[in-house]
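Trainee: what's the 3D shape of this:
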Amino acid sequence: MKNLAARAGGWSARHRWWALAIWIAFVAGSVFIGRAVDTVDMKSYEDENGDSRQAEQIIYDAHFPEVASEMVLVQSGTRTVDDPAFRQTVTDLTTALQGTGQVEHLRTPYDKKPSPITPDKRTTLVTFDMKGKADTAADRVQPVLDAVARVQKAHSDIRVEEAGSASGDKLIGEAIDQDFVRAEQLSLPLTLGILLAAFGALLAALIPVALAMTAIFSATGLLALTSHLLHVDSATSNVMLLIGLAVGVDYSLFYIMREREERAKGRSKQRSIEIAAATSGRAILISGVTVIVAMAGMFFTGNGVFMGFAEGTILVVLTAMIGSLTVLPALLSLLGDKINARVIHGTVRVITRGRVTWPRILGVRGGEGRIWGAVLKPVLRYPVVAVVVATGLLLALAFPALSLKTGDPGIDDLQGNYAIADTFRRIDTAFPGGTGPAVVVIKAPDVTKVDLEPLKKAAFATGEMNEPFNVTINPDKTVATIDIGIKGSGIDETSKHAIHTLREQVIPQTLPGAHVTGQTAGSMDFNEQLNKSLPLVFGFVLLLAFLLLLASFRSLVVAIKAIVLNLLSVAAAYGVLVLIFQKGYGESLLGFTSTGTIIEWLPLFLFVILFGLSMDYHVFILSRIREAYDKGMSTEDAVSHGIRSTAAVVTSAALIMVAVFATFATLSLLSFMQMGLGLAAAILIDATIVRAVLLPATMKLLGDWNWYLPRWLGWLPQLNHGSDEPEPERVPALV
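Mentor: Here you go, the predicted model:
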């Protein structure tokens, strides 16, 4: 891997214009292809598992007319549906809705087949469908929302609120889109600001961001192409931005910092690039492959969303890695010391006095971190104490993870002051299970001849299911869906037990061969599939990461210890998540309301992402330590040198990742808040407690045992972590 990285960097530095032209053509071509073929989103059934997937696929293949259903909650604290004022409100509402020309299949509590009414008769729903195609309903629903708002204004003593698929797509979708735009706009300035503090130079700060963004653009274009083979969830592009920006900037940071360090030592421009390619370039290659291997573990889940995430993140990490190994040395060769240009009092100044002067904002001088140097000294002097304290702290942080409980938050995933979300909650409270019923799917040559009355009687007789009991038949009359209300919140044990009863007792007795889907059933099937795949995913990621580290560093101890340290940092991140989002510590500070659970897909996703990303620092630091050790330093001196010389990069890289991930913790979706904070906390823990304390302390205690390799593994290739050539002559000045 070292030779490959060195050859790529050397070729790019010597043929810089070719390297830049190829990269620009690659990015432009990827973007063009992506726009030409367009990204293929997952089909409705591809994000489901088990029985739910079979049911959803039958529904998809049955070509049911897509309908955008809406409902208006009409609720009074004192009046009932029989009250004249209540009736007048509903009458005015139906008149207003029909006046928009956008509604059909209108149902009220006063029809022959009435819409739902609560037992106390103080709450009802007026239901209807939007005319036209369902996928354009959100664009046409505003006049309907305005009509409902006018009725509410005219009848202020009665609550009149609309919610549904079209209004939800419009109001919630717009809010979420604005959230993502804000997070993306915030992450770029934060990243640029940290890079300016790290480098103290404008060009050096701009290049990593520009390279990361071009990698994201090209990877997004490639995703559109590959999505024709493996369809992706719409959130994949957001995850790609999150990972691509963090990884792409970090890789450039590793490379540029090393090149600047070598220039600061008086080496020539070409030689500095060669050393950076042979050392940091190799670390980037190992790290990138490790991240890709970790991401690939998501393919084993068998879930469409996870596999789409794997597809997107692998593409963005791969393009960022290739760009760092090829375009970056070409740019460094082209710009030379102009990359160190600083903006001072409105003017640009290029540093040319002898050696590069390092910025001191992050505690850096001569490429070494003063702050971490102060931390490292007592760690190496008292390694046992450091190991005990650091391990104890990590275990204490990880302890709450033992009570980790996953769940689907439903509408509570949307946090913040959103009126439509409150309407959904009120509807769900008034009509439990009404917004997320169980859906029974049957398939027959003619479903109109199937007697559904036994199903209804048996379901209601259990006491776990209730109205509504709505039947929908496809145009060919070959498939029918039956919506059955289930008791409970949709995510609690009551609702889950109802699904089990429906599947294991009611269906076998009344409609053998039928399938059950719906929000609750889908969540249950997802968790069951996830539990089955967890050992395979964890085993795959851990085993391949171990083999990769073993081959890269020719050390059994290094490989095992890397796995253990990474698992500790991931466990600590889980514990932080449980404390904040499950137990609710910090609710008021972060502005959310705890649901008492962690999003069901998050633990596996965090493990895969964090295990890959934490390898960035680990590989970079270990490569520097091994480089020093190979040059004749003792293990203790090599550890001290490696930690000190990489402190600036690790600190800057960690700050960038924490900043980028933390911006996603500001979103209105609880799932993304948990993901952003979980990633930020894990990276912060990993870059401080693990890499700055636990890693050097354990290496000091193990001494030369760090490099232990059994004889039977002696066939592993010998890879030099430093430069192959003797030290070059020093130059008197940078020109």
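Trainee: what sits against Gly99?
Mentor: Neighbouring residues of Gly99 by C-beta atoms under 8 Å, 6 or more residues apart in numbering: Ala147. C-beta: built from backbone N, CA, C; applies to glycine.
Trainee: try 6 Å this time
Mentor: Counting by C-beta atoms under 6 Å, 6 or more residues apart in numbering, Gly99 makes contact with nothing.
Trainee: distance of it from Val650?
Mentor: Relative to Val650, Gly99 is positioned 64 Å away (C-beta to C-beta, to the nearest Å).
Trainee: with just CA atoms, put the helix or strand harbouring Thr290 into CSV.
Mentor: Applying DSSP states H and E as the criterion places Thr290 in helix 280-296. Extracted in CSV, the C-alpha atoms of helix 280-296 (Å, rounded to 0.1, in the frame of the first residue of the first chain):
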residue,chain,number,x,y,z
SER,A,280,0.7,10.2,5.1
GLY,A,281,-0.4,8.9,1.7
ARG,A,282,0.1,5.4,2.8
ALA,A,283,-1.8,6.1,6.1
ILE,A,284,-4.7,7.6,4.0
LEU,A,285,-4.8,4.5,1.8
ILE,A,286,-4.9,2.1,4.8
SER,A,287,-7.5,4.3,6.6
GLY,A,288,-9.6,4.6,3.5
VAL,A,289,-9.6,0.9,2.8
THR,A,290,-10.5,0.3,6.5
VAL,A,291,-13.4,2.7,6.3
ILE,A,292,-14.7,1.1,3.1
VAL,A,293,-14.4,-2.4,4.7
ALA,A,294,-16.4,-1.1,7.7
MET,A,295,-19.1,0.5,5.5
ALA,A,296,-19.4,-2.8,3.5
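Trainee: what comes up buried for it?
Mentor: The neighbour-count criterion (16 or more other C-beta atoms under 10 Å) identifies 280-296 as the buried residues of helix 280-296.
Trainee: gap between that helix and the chain center?
Mentor: From the chain centre to the centre of helix 280-296 is a distance of 19 Å (C-alpha atoms, centre = their mean, to the nearest Å).
Trainee: next secondary structure element downstream of that helix?
Mentor: Per DSSP H and E, the first helix or strand lying C-terminal to helix 280-296 is helix 304-335.
Trainee: packing partners of that next one?
Mentor: helix 2-14, helix 16-37, helix 202-226, helix 236-264, helix 269-278, helix 280-296 (3 or more C-beta pairs under 6 Å, 6 or more residues apart in numbering; DSSP states H and E).
Trainee: can I get those helices in a markdown table including mean pLDDT?
Mentor: Formatted as a markdown table, the helices and strands packed on helix 304-335 follow (pLDDT from 0 to 100):
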| stretch | mean pLDDT |
| --- | --- |
| helix 2-14 | 79 |
| helix 16-37 | 93 |
| helix 202-226 | 91 |
| helix 236-264 | 85 |
| helix 269-278 | 86 |
| helix 280-296 | 87 |
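Trainee: using TSV, lay out these together with distance to Val72.
Mentor: Below are the helices and strands packed on helix 304-335 laid out as TSV (distance: least, C-beta to C-beta, whole Å):
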stretch	distance to Val72
helix 2-14	62
helix 16-37	40
helix 202-226	39
helix 236-264	32
helix 269-278	64
helix 280-296	45
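Trainee: would you mind saying which of the ones you listed lies nearest Leu318?
Mentor: Leu318 lies closest to helix 280-296 among the helices and strands packed on helix 304-335, at 6.3 Å (C-beta to C-beta).
Trainee: quick one: the closest one to helix 236-264, angle?
Mentor: Between helix 280-296 and helix 236-264, the angle comes out at 160 degrees (axes from the mean of the first three to the mean of the last three C-alpha atoms, to 10 degrees).
Trainee: by how many degrees do helix 280-296 and helix 269-278 diverge?
Mentor: 30 degrees.
Trainee: where does the prediction get shaky in the stretch 301-450 of the chain?
Mentor: Filtered on pLDDT under 70, the stretch 301-450 of the chain yields the residue ranges 341-373, 432-435.
Trainee: neighbours around Ile176, how many?
Mentor: By the criterion of other C-beta atoms under 10 Å, Ile176 has 18 neighbours.
Trainee: secondary structure element for it?
Mentor: Assigned by DSSP H and E, Ile176 falls in helix 165-199.
Trainee: show me what that helix is packed against.
Mentor: Based on contacts counted as 3+ C-beta pairs under 6 Å, 6+ apart, the elements that helix 165-199 packs against are helix 137-140, helix 202-226, helix 635-664.
Trainee: so which of the ones you listed gets nearest Tyr418?
Mentor: Using C-beta to C-beta, the helices and strands packed on helix 165-199 put helix 137-140 closest to Tyr418, at 15.5 Å.
Trainee: ok, the spatially most central residue of the chain - contacts?
Mentor: Centroid check for the chain by C-alpha atoms, centre = their mean gives Val239 as the closest residue, at 4.6 Å. Applying C-beta under 6 Å, 6+ apart, we find Val239 in contact with Phe309.
Trainee: any idea how far Gly678 is from it?
Mentor: Distance from Val239 to Gly678, by C-beta to C-beta: 13 Å.
Trainee: for the residue of the chain positioned farthest from its centre, give its distance to Ser668.
Mentor: The outermost residue of the chain, judged against the average C-alpha position, is Pro84 (52.2 Å), by C-alpha atoms, centre = their mean. Counting by C-beta to C-beta, the gap from Pro84 to Ser668 is 41 Å.
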